[in-house]
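A.B. asks: how does the following fold in three dimensions:
(2 chains)
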2 protein chains.
Amino acid sequence: MMIQLAFDRMTIDEAIQLGQRVREYVDWMEVGTSLIKEFGMESIKALREAFPDKTIVADMKTFDNARYEFDLCYASGADVATVMGAAPTVTIDVCMEVAAQRGKRVMVDLLNTPVPHLESIYRYKEAILCAHVSKDQQEIAGERQSLEWLTQIQRIGTDGPRLALAGGITADDLFALSRVKPYVVIIGSAITNAEDPVAQARKIRETADALKGEMLCE
Amino acid sequence: MMIQLAFDRMTIDEAIQLGQRVREYVDWMEVGTSLIKEFGMESIKALREAFPDKTIVADMKTFDNARYEFDLCYASGADVATVMGAAPTVTIDVCMEVAAQRGKRVMVDLLNTPVPHLESIYRYKEAILCAHVSKDQQEIAGERQSLEWLTQIQRIGTDGPRLALAGGITADDLFALSRVKPYVVIIGSAITNAEDPVAQARKIRETADALKGEMLCE
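C.D. replies: You can find the predicted model right below:
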């Protein structure tokens, strides 16, 4: 499983400084929605420049205006951009189209996506589907990844979209979560708010690597 | 009904220049999602400064991280900020809370909100609910405001949340749409892409004023 580090609720400089300290332990770097809304495309350009060898994920959370928003963030240096699974189908369709035209990738954020709507999302074979427990769900409602929900989406096979997991995930969660064979695990505050971010990033990397033998979907 | 002019797919300077030409015909000015994602909070600050006498709407389309995002845009000068109706309830709750604390307002964007979820949204009596046909739905799928959908949300009474309408609305639509007694009508490309934006803005203002006598919800 790959490790995606999400930067949120910080300045661009703080993100770059933190990223430099932990770069050897993470695979993908995510420009969080809060950085995008606070600083605009400058946030993506700066991370792209600071980390030319990393996959840069733009957490655009697109819900409309798909071509404009996806053109914008891919042109700013993103390799992967997010669209909400709860958005109209036509919007997700356009995101897939723009990504294909540019040789880039789409992550569909399943946060609060109605279950009946999942069926139509599974057909985006090239997409990465992200099972996401949001910051507000974690911090205010105390929610966590539920096995029931993950079981519902676990039907994603090796021939379908790949799976990402996000939402308050720590090193201790990786063993349980590895059961659903994630392609990417997204880590935010477990590293960015840690007293020792480097030690946490190393621990997460080592745990992920140790689980490698048990994964079917690497 | 009030007229909200939405700026999208343009630079901050273009928005300010256009806004100055039509300011006498519009009540609220919206910093579109594309400006926010492209230029960050700078877009809201610049419009706030250019139009100190207008209500500034930040089309944040918040889906998570509600306190952070709403604090950010209200501190940047927004009077109203948007959250998606399709977002988790806890997120909308926090938006309402932050707005109340700051004496600001929330617009809940009903784009693709599942109908069963509307029930829980009607309880936000202080909110403005926006029946929204998205850019992608209009431009790619050819959709328009449907009377069936508007009838479903028309049950919003004078004691409940107020109603906004958005999505490719032109001067010619105002008469039909006035049947659902909108509090705000959001106009984008009918003005911003018009050959003569000033003439269009004037026409929309005059049409709205002429309909005033027929409105119950002013």
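
A.B. asks: buried residues in the helix or strand containing residue A:131?
C.D. replies: Following DSSP states H and E, one finds residue A:131 within strand A:128-132. For strand A:128-132, burial by neighbour count (16 or more other C-beta atoms under 10 Å in any protein chain shown) applies to A:128-132. (Each C-beta comes from the backbone N, C-alpha and C, glycine too.)

A.B. asks: give me the contact list for it.
C.D. replies: A:80, A:82, A:85, A:105-111, A:121-122, A:145, A:149-150, A:153, A:156, A:161-167, A:180, A:183-184, A:186 (C-beta atoms under 8 Å, 6 or more residues apart in numbering or on different chains).

A.B. asks: buried ones among those?
C.D. replies: Buried subset of the contacts of strand A:128-132 (neighbour count, 16+ other C-beta under 10 Å): A:80, A:82, A:85, A:105-111, A:121-122, A:145, A:150, A:153, A:156, A:161-167, A:180, A:183-184, A:186.

A.B. asks: among the residues you listed, name the ones in strands.
C.D. replies: Of these, the ones assigned to strands by DSSP state E are A:80, A:82, A:105-109, A:162-166, A:184, A:186.

A.B. asks: with pLDDT added, can I get the residues you listed in a markdown table?
C.D. replies: A markdown table is the format used below for these (pLDDT from 0 to 100):
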| residue | pLDDT |
| --- | --- |
| A:80 | 98 |
| A:82 | 98 |
| A:105 | 98 |
| A:106 | 98 |
| A:107 | 98 |
| A:108 | 98 |
| A:109 | 98 |
| A:162 | 91 |
| A:163 | 93 |
| A:164 | 95 |
| A:165 | 95 |
| A:166 | 96 |
| A:184 | 96 |
| A:186 | 98 |
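
A.B. asks: for those residues, give me JSON lines that also has distance to chain B.
C.D. replies: Putting those into JSON lines (distance: C-beta to the nearest C-beta, whole Å) gives the following:
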{"residue": "A:80", "distance to chain B": "16"}
{"residue": "A:82", "distance to chain B": "10"}
{"residue": "A:105", "distance to chain B": "19"}
{"residue": "A:106", "distance to chain B": "15"}
{"residue": "A:107", "distance to chain B": "14"}
{"residue": "A:108", "distance to chain B": "13"}
{"residue": "A:109", "distance to chain B": "8"}
{"residue": "A:162", "distance to chain B": "22"}
{"residue": "A:163", "distance to chain B": "19"}
{"residue": "A:164", "distance to chain B": "15"}
{"residue": "A:165", "distance to chain B": "16"}
{"residue": "A:166", "distance to chain B": "10"}
{"residue": "A:184", "distance to chain B": "18"}
{"residue": "A:186", "distance to chain B": "13"}
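
A.B. asks: for those, which one is nearest residue A:40?
C.D. replies: Distance to residue A:40 across those (C-beta to C-beta) is lowest for residue A:82, with 16.4 Å.

A.B. asks: helix or strand for residue A:20, which one?
C.D. replies: Applying DSSP H and E as the criterion places residue A:20 in helix A:12-22.

A.B. asks: buried sites along that helix?
C.D. replies: A:12, A:15-16, A:18-19, A:22.

A.B. asks: center of chain A - which residue?
C.D. replies: Among the residues of chain A, the one closest to the centroid is residue A:186, at 5.3 Å (C-alpha atoms, centre = their mean).

A.B. asks: that one against residue A:173, yeah?
C.D. replies: No: Residue A:186 lies out of contact with residue A:173 (C-beta atoms under 8 Å); the separation is 11.6 Å.

A.B. asks: residues near residue A:152, how many?
C.D. replies: Neighbour count for residue A:152, taken as other C-beta atoms under 10 Å in any protein chain shown: 13.

A.B. asks: OK, contacts around it?
C.D. replies: Here residue A:152 is in contact with A:115, A:118 (C-beta under 8 Å, 6+ apart).

A.B. asks: ok, so what distance separates it from chain B?
C.D. replies: Between residue A:152 and chain B the distance is 17 Å, computed by C-beta to the nearest C-beta, to the nearest Å.

A.B. asks: residue A:95: which element?
C.D. replies: Per DSSP H and E, residue A:95 falls inside helix A:89-102.

A.B. asks: mind checking how far that helix is from the chain centre?
C.D. replies: In terms of C-alpha atoms, centre = their mean, to the nearest Å, the centre of helix A:89-102 is set 18 Å apart from its chain centre.

A.B. asks: please apply the same query to stretch A:114-126.
C.D. replies: With C-alpha atoms, centre = their mean as the basis, stretch A:114-126 stands 17 Å off its chain's centre.

A.B. asks: and it, which residues are buried?
C.D. replies: Neighbour counts over stretch A:114-126 (16+ other C-beta under 10 Å) mark A:117-118, A:121-122, A:124 as buried.

A.B. asks: mind naming the longest strand for chain A?
C.D. replies: Counting residues, the longest strand found in chain A (DSSP E) is strand A:55-62.

A.B. asks: does it come close to chain B?
C.D. replies: Yes: Strand A:55-62 comes into contact with chain B (C-beta under 8 Å from any C-beta of the partner chain), by way of A:60-61.

A.B. asks: between the helix or strand following that strand and helix A:89-102, how many degrees?
C.D. replies: Per DSSP H and E, the first helix or strand lying C-terminal to strand A:55-62 is helix A:66-75. Here helix A:66-75 points in a direction 40 degrees away from that of helix A:89-102 (axes from the mean of the first three to the mean of the last three C-alpha atoms, to 10 degrees).
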